[in-house]
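Q: model this:
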Amino acid sequence: MDGTKPVMESTTEENQEEREESKGCFECCIKCLGGVPYASLVATILCFSGVALFCGCGHVALTGTLTMLENHFSQITTDHATLTIVMQTMQYVIYGIASFFFVYGIILLAEGFYTTSAVKKELQSQFKTTVCGRCITATFVFLTYILGLAFLGIFGFSAIPVFLFYNMWTTCAAMKSPMANITDPDSICVDVRQYGIIPWNATPGKACGSTLGDICSTSEFYLSFHLYIVACAGAGATLIALIHYLMILSANWAYLRSSCNQNEYQDIKTKDDDVEEGANVFKRNRYMRSSYWMSSG
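A: Numbering: from 1, shown residues only. This next block holds a predicted model:
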């Protein structure tokens, strides 16, 4: 029996290889598609799209806002020097956010591929995860949670310029409306100094009447307004993607932990069965030896 066992194993392996080779292109494609982490893929696409919209539109909108402020609300450079530094810093931060999330999204997608393959192989008892692998998944869960909180604040912050531009747009629309019946258009003003964007000593600091209407008709205003809306939507999409990532990583960690506990239980059970089988073999051999000596005596 011991001599035929390797032959049987080699025959089984050869048959398995022949079955693998006999599979057509369709079966191979189905097998490959079965290992794709579709949830992580959707989250990655949503994350890349949201970050691209937020960073691209936000960068251009900040440039247009600064141009509009310099031309119409703060004509002295020293009055808005601090604001210029802040906006340039925000643009550099946008560069960093775009680069970081590009790398982080690829890492999470790769982790999704690894975890999906590991879970399937563990269920087939062909692979066992290590403590290091589970710790990496737990680290990604924590980091994604922190990034989600950070982007929640970014999403709220990106809604502020949308609110300010919307107020200016509604004021211009009300002033141009024929139903308004405004006798003194110069009494309608928009003072950006009250929002803390520029200091109170900035000149002129506000726009009234026809000047305000001309500002609302400029390309910088409409472009910046719509770009801020798209950037806010991109921040919201990125936040949803991070929440999606968090759910995926938490589920993957739970699957790996459950599979690890199941494998540990099976190992302990297998050892107990081996010990019990060895004890039975020992008792059976001992009984046979004792029977032999009794019969020979």
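
Q: wait, is Ala159 part of a strand?
A: No. Under DSSP: H, G, I helix; E, B strand; the rest coil, Ala159 falls outside any strand and is assigned helix.

Q: what's the spacing between it and Phe225?
A: Using Cβ to Cβ, to the nearest Å, Ala159 is found at 13 Å from Phe225. Every C-beta, even on glycine, is put in place using the N, C-alpha and C of the backbone.

Q: same check, this time on Phe151
A: Relative to Phe225, Phe151 is positioned 22 Å away (criterion: Cβ to Cβ).

Q: Give the residue from these two that has the larger number of neighbours.
A: Neighbours per residue, other Cβ atoms under 10 Å: of Phe151 and Phe225, the larger number sits with Phe151, 24 against 20.

Q: and Phe101, what does it touch?
A: For Phe101, the contact set (Cβ atoms under 8 Å, 6 or more residues apart in numbering) comprises 47-48, 51, 238.

Q: can you redo those as TSV with neighbour count, distance to Asp214 and secondary structure?
A: Shown next, in TSV, are these (neighbours: other Cβ atoms under 10 Å; distance: Cβ to Cβ, whole Å; DSSP: H, G, I helix; E, B strand; the rest coil):
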residue	neighbour count	distance to Asp214	secondary structure
Cys47	24	40	helix
Phe48	19	39	helix
Val51	25	35	helix
Thr238	28	36	helix
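
Q: between those, which is nearest Thr218?
A: Here the nearest of those to Thr218, counting by Cβ to Cβ, is Val51; it sits at 28.8 Å.

Q: which element is the closest residue to the closest one other than its chain neighbours on?
A: Taking Cβ to Cβ, 6 or more residues apart in numbering as the measure, Val51 lies nearest to Phe101, with 4.5 Å between them; neighbours along the chain are not counted. In this assignment (DSSP states H and E), Phe101 forms part of helix 81-123.

Q: what about that helix, average pLDDT?
A: Across helix 81-123, the average pLDDT comes to 81.

Q: go on, stretch 49-66?
A: Computed over stretch 49-66, the mean pLDDT rounds to 92.

Q: Gly105: neighbouring residues, count only.
A: Here the neighbour count serves as a burial measure; for Gly105 (other Cβ under 10 Å) it reads 21.

Q: residues touching it, list them.
A: The contact partners of Gly105, taken as Cβ under 8 Å, 6+ apart, are 44, 47-48, 51.

Q: switch the cut-off to 7 Å
A: By Cβ atoms under 7 Å, 6 or more residues apart in numbering, the contact set of Gly105 is 44, 47-48.

Q: Over to Thr65?
A: With contacts taken as Cβ under 7 Å, 6+ apart, Thr65 has the following neighbours: Ser224.

Q: what kind of secondary structure is it in?
A: In terms of secondary structure, Thr65 is helix; the call rests on three-state DSSP.

Q: again, but for Val190
A: In the three-state summary, Val190 is assigned as strand, counting by three-state DSSP.

Q: pLDDT score assigned to it?
A: 84.

Q: wait, isn't it in contact with Met168?
A: Yes. The criterion here is Cβ atoms under 7 Å, and Val190 meets it with Met168 at 5.2 Å.

Q: Have a look at these two and say which one is more surrounded.
A: Set side by side, Val190 and Met168 show unequal neighbour counts under other Cβ under 10 Å, the larger going to Val190 at 20 against 17.

Q: which stretches of the chain have low pLDDT?
A: Residues of the chain meeting the criterion pLDDT under 70: 1-36, 116-133, 178-185, 256-297.

Q: show me where it has strands.
A: Residue ranges of the strands in the chain, as given by DSSP state E, are 189-191, 206-208.

Q: May I see those organised as JSON lines, with distance to His80 added?
A: Rendered in JSON lines, the data for the strands of the chain read as follows (distance: least, Cβ to Cβ, whole Å):
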{"stretch": "strand 189-191", "distance to His80": "15"}
{"stretch": "strand 206-208", "distance to His80": "14"}
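
Q: Deepest in the core, which of those strands is it.
A: Ranked by mean neighbour count under mean count of other Cβ atoms under 10 Å, the strands of the chain are led by strand 206-208, which reaches a mean of 18.

Q: what lines up beside it in the sheet?
A: The strands that strand 206-208 pairs with in its sheet are strand 189-191 (antiparallel) (by DSSP bridges).

Q: Tell me which stretches of this protein form helices.
A: Defined through DSSP state H, the helices belonging to the chain, from first to last, are 5-22, 25-34, 38-72, 81-123, 131-176, 209-216, 219-296.

Q: Kind regards, and thank you for your time.
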